[in-house]
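Student: Generate a structure from the sequence data that follows.
(one chain, ligands or ions: 1)
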Amino acid sequence: RKPKSAKPIPGPDPWPIIGSLHLLGKYETPFEAFTVLSKIYGDIFSITMGSTPCVVVNNFNLIKEVLIAKGGDFGGRPDFMRFHKLFGGDRNNSLALCDWSVLQKTRRSIARTYCSPRFTSLQYDAVNLVGTNELTVFMTELQKLPLNEPTDIKPVILAACANMFMQYMCSTSFPYDDTDFMKVVRYFDEIFWEINQGYAVDFLPWLLPMYNKHMNKLSHWAGEIREFILARIVQDHVNTLDYQSPPRDFTDALLIHLQEDPNMEWNHIIFELEDFIGGHSAIGNLVMMALASVVRYPEVAKRIQEEVDDVTRGQRYVNLFDKAAMPYTEAVLWETLRKASSPIVPHVASTDTEIEGFPIKKGTMVFLNNYELNLSAEHWDEPDKFKPERFLSPAGNVVKPAHFIPFSTGKRTCIGQRLVQCFSFILLSTLLQNYNISPGSEIHIKPGCVAVTPDCFKLILKPRNTEPN
Ligand code: HEM
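Tutor: Predicted coordinates:
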């Protein structure tokens, strides 16, 4: 198709040096600014960040055009220095931050079986087993926390998520009093928060000398994590791997692939493992976000408790096969994702192309305004309210509108979304099965972000005395 127009895409005139960065500074998230600007310039507009040409697309059809119809043209990622620092000096080591390549295709396909387990697969059974086994440990650890007073439960939730991931992907888990393990869990969480922030230096690289300390901190966290994974997880697998037998887990599958595929290197598999293990932080943060809403709206907690009590009859912990009978609890997680409206990682045009007939030059960064999709009155009834029931059909089944894409769509869609749905479900329902939870400190949630700060709000846990045997 010939470009519809040689006219430039509308957008604010950039200032020298900073481009239009000043327009974003007034808002808590740049996506709020994008929504405001879309009312002035339209559903597609251009904006210059520093000297980087960017385009913002604001409606579902345009988002689909970028992610699905032209996914191949927009397979690149931003070249931020922070991303390099987090992945051994080269962001292409990372699955989420690399440009599209044959290697990425291979890495995604190795990961698919393990990280996107289908409902009826052996992997799904394994996820269930690992998750429910960890629940017992998790509950024991929670009982060590002070009850009926403000307490910091995020580290315990994160440790439970980390163990679920490590057990599932590496057949290993760690005690919560293992200081090296807890340190690594904390570093992962710091990185998750970091990745969810934007900094002026991303677009103004000449500010770099001022960020030296920060960049060194990122490299340090990443280095410590890598050392732990190599020493405490991978080494044992290398020593015990039987190349003639089917892989025991994801780590084995990666090591076997390294042996068989001349294009795979040692670094590729270590970084892939690190990337996926790191996914646990996203789930821990999502559970904290869900709890923030649950404590704000006690009627939500009550409905989850009714569901979980009904399904388990107070006799056992929840498992993944209860999910179908607990649609409200699942809907709470979808509503948490809608309200959090985590941004889709920006894509970058890897070739000269077009969007809606407008010419787009190779190297242009594309922001997909899912904030608008998730929070506008055009798409949702009372969008500011936390209403899980919006995701329930009259018959009580979970339904999601097509424009709701918290995990994105297209060739770079999130690989971890099934694990998110599994582990967050059992953690949230088990917490509410066993405790009445109330706020223990002021709760501030940053808009347009699925992360809460590493040292975040406290909660008060009051046992419900219905603990299963
Ligand atoms: C609250 C939880 C999560 C949310 C909201 C989320 C959301 C997203 C989004 C929006 C993308 C960008 C897709 C795109 O650019 O089009 C993404 C990519 C990705 N996610 Fe997730 N994610 C979550 C958890 C996870 C977990 C647990 C894992 C790992 C097990 C994971 C692995 C990945 C990977 C590897 C990519 C990059 C895929 C690629 O670029 O090819 N995510 N995620």
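
Student: Only C-alpha atoms from now on, for both contacts and neighbour counts.
Tutor: Will do.

Student: In the stretch 301-450 of the chain, mark out all the helices, start to finish.
Tutor: 327-340, 370-375, 417-434 (DSSP state H, counting those that start in this stretch).

Student: which SSE is whatever residue of the stretch 151-300 of the chain ends up closest to the ligand in?
Tutor: Using C-alpha to the nearest ligand atom, G279 is the residue of the stretch 151-300 of the chain that sits closest to the ligand, at 3.7 Å. G279 is part of helix 266-296, with elements assigned from DSSP states H and E.

Student: Just give me the residue closest to the centre of this structure.
Tutor: Geometric centre of the chain, nearest residue: A282, 4.4 Å, by C-alpha atoms, centre = their mean.

Student: my guess is it meets E190, correct?
Tutor: No. A282 is beyond contact range of E190, at 11.1 Å (criterion: C-alpha atoms under 8 Å).

Student: hang on, isn't the residue of the stretch 151-300 of the chain closest to the ligand packed against R418?
Tutor: No. Using C-alpha under 8 Å, G279 is not in contact with R418, being 11.6 Å away.

Student: which one of these two has more residues nearby?
Tutor: For G279 versus R418, the count of surrounding residues by other C-alpha atoms under 10 Å is larger for G279: 22 against 16.

Student: From K85, how far off is that one?
Tutor: Separation of G279 from K85 (C-alpha to C-alpha, to the nearest Å) stands at 18 Å.

Student: repeat for I277
Tutor: Noted for I277: a distance of 18 Å to K85, by C-alpha to C-alpha.

Student: Please identify which of those two sits among more neighbours.
Tutor: Legend: neighbour count by other C-alpha under 10 Å for I277 and K85, higher for I277 (23 against 20).

Student: What's the per-residue pLDDT of the residue nearest to the more buried one when sequence neighbours are not counted here?
Tutor: Distance criterion C-alpha to C-alpha, 6 or more residues apart in numbering; nearest residue to I277, sequence neighbours excluded, is F165 at 5.9 Å. On the pLDDT scale, F165 is placed at 98.

Student: My guess is F165 contacts E274. True?
Tutor: No. Using C-alpha under 8 Å, F165 is not in contact with E274; the gap is 10.8 Å.

Student: Those two: who's more crowded?
Tutor: F165 (25 against 20).

Student: sec struct for that one, please.
Tutor: State at F165, reduced to three classes by DSSP: H, G, I helix; E, B strand; the rest coil: helix.

Student: Then F192?
Tutor: Under three-state DSSP, F192 falls in the helix class.

Student: contacting residues for it?
Tutor: Residues near F192 by C-alpha atoms under 8 Å, 6 or more residues apart in numbering: 281-282, 451.

Student: what about 10 Å?
Tutor: Going by C-alpha atoms under 10 Å, 6 or more residues apart in numbering, F192 touches 186, 278-282, 285, 450-454.

Student: could these be laid out in JSON lines, adding pLDDT?
Tutor: As requested, those are exported to JSON lines (pLDDT from 0 to 100):
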{"residue": "R186", "pLDDT": "98"}
{"residue": "G278", "pLDDT": "96"}
{"residue": "G279", "pLDDT": "97"}
{"residue": "H280", "pLDDT": "98"}
{"residue": "S281", "pLDDT": "98"}
{"residue": "A282", "pLDDT": "98"}
{"residue": "N285", "pLDDT": "98"}
{"residue": "V450", "pLDDT": "93"}
{"residue": "A451", "pLDDT": "95"}
{"residue": "V452", "pLDDT": "96"}
{"residue": "T453", "pLDDT": "96"}
{"residue": "P454", "pLDDT": "97"}
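
Student: Restricted to buried residues, select these in ChimeraX.
Tutor: Selection of buried members from those for ChimeraX, criterion 16 or more other C-alpha atoms under 10 Å:
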select :186,278,279,280,281,282,285,450,451,452,454
